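1. Structure of the sequence below:
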Amino acid sequence: MFNLPSEYDIEIELDDLNKLTDAVLTKYGYDFGNYAMSSFKRRIIMVLKKHGIKTVELLIQKILHDSQFFEQFILDITVNTTELFRDPSFFRYLREKIIPVLNTRPEFNIWHAACSSGEEVISMSILLHEEGLLSRAKVYATDINHAVLKRAAEARYPLRNLELFKQNYELTMPKGKLEDYYIVKDNEIYFDPALVSHVKFKHHDLAVDHHFFKFDFIFCRNVLIYFNQDLQNRVFELLHNSLFLGGFLALGAKESMVWCRISDKFEVVNEIEKVYKKIKL
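-> This next block holds a predicted model:
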């Protein structure tokens, strides 16, 4: 990505990363100490190269004394790659098996944890709309990153993503046409504001924050892979405490909870689509 001279071939020691995570935690309350260090290290190197900073110590000083740069730092190191109806078979499964369960309840609560720029939120809202349940849903969408939360609330995406969005949608057994839900203006896709009018977008850090509501269904997809085992266990306990008994939890395709400390409090509903059900308090 970056063609920089050889002096930017940076080596980072574990002690450097520990100093960085301690500084960020002390100053801003963000805890990256239990992130998967190999992935975290790669992202820190990317940040150093991108901003032309030669050492972690200089990066720490810039973070501590420039809060605006810190917001960019959070944007740089958090993974915000997602898409509308990502893993279409998962959303098809929701349409066929999970939404009928939600339909038995007069109202229900959904949490999109680590929602990034909100494509998952839009996807679920479209499904609920097509099944006539959108008005009965209370939805929270949270992320560590203020910038992507703002983008999610705007429901606005680059036009270059449209063909992929359409392809994914067509694989979910849709009951409409995707173009019914958006307009195109100035090379951007603007989704119908009604799809997020019922959503509360909220800052939340899975690494340090506690549960704030009880939910019937929680999405926590494709974020746990960036955490080490200790933090994954912490997050699973948080998600368990945030679910009603009988509530559902959805993980990403490469994630699993069968090994975690509280795995016996869930049953596997669909191993392929990584859907679990809370069966014990």
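
2. would you list every one of the strands in the protein?
-> 108-112, 137-143, 156-158, 182-185, 188-191, 199-203, 215-220, 243-251, 266-270, 275-278 (DSSP state E).

3. pLDDT on the second one, on average?
-> Translated: strand 137-143. The pLDDT scores in strand 137-143 average 97.

4. helices and strands around that strand, which ones?
-> In this structure, strand 137-143 makes packing contacts with strand 108-112, helix 119-130, helix 146-154, strand 199-203, judged by 3 or more C-beta pairs under 8 Å, 6 or more residues apart in numbering; DSSP states H and E. Where you see a C-beta, it was placed from the backbone N, CA and C, and this is true even at glycine.

5. Take those and write them to CSV, including mean neighbour count.
-> What follows is these, written out as CSV (neighbours: other C-beta atoms under 10 Å):
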stretch, mean neighbour count
strand 108-112, 23
helix 119-130, 23
helix 146-154, 18
strand 199-203, 17
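
6. if we can go back for a sec, can you add distance to Leu14 and give the strands of the chain back as TSV?
-> Shown next, in TSV, are these (distance: least, C-beta to C-beta, whole Å):
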stretch	distance to Leu14
strand 108-112	33
strand 137-143	28
strand 156-158	37
strand 182-185	46
strand 188-191	42
strand 199-203	29
strand 215-220	28
strand 243-251	29
strand 266-270	34
strand 275-278	34
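
7. Leu48 is nearest to which of those?
-> strand 137-143 (24.1 Å; C-beta to C-beta).

8. and that closest one, which residues are buried?
-> Using 16 or more other C-beta atoms under 10 Å as the test for burial, strand 137-143 gives Ala137, Val139, Tyr140, Ala141, Thr142, Asp143.

9. could you dump those to TSV with distance to Ala114?
-> TSV is the format used below for these (distance: C-beta to C-beta, whole Å):
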residue	distance to Ala114
Ala137	19
Val139	15
Tyr140	12
Ala141	9
Thr142	7
Asp143	6
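
10. how about the helices and strands packed on strand 137-143, which one is nearest Ser67?
-> helix 146-154 (11.5 Å).

11. Specify the residue ranges that define each domain of this protein.
-> Domain assignment for the chain by automatic domain parsing gives 6-77, 88-278.

12. gap between the first one and the chain center?
-> When you say that, I think you mean domain 6-77. Remark: domain 6-77 is offset 21 Å from the chain centroid, using C-alpha atoms, centre = their mean, to the nearest Å.

13. How about the last one?
-> The chain centroid and the centroid of domain 88-278 are separated by 8 Å, computed with C-alpha atoms, centre = their mean.

14. Great, nothing more from me.
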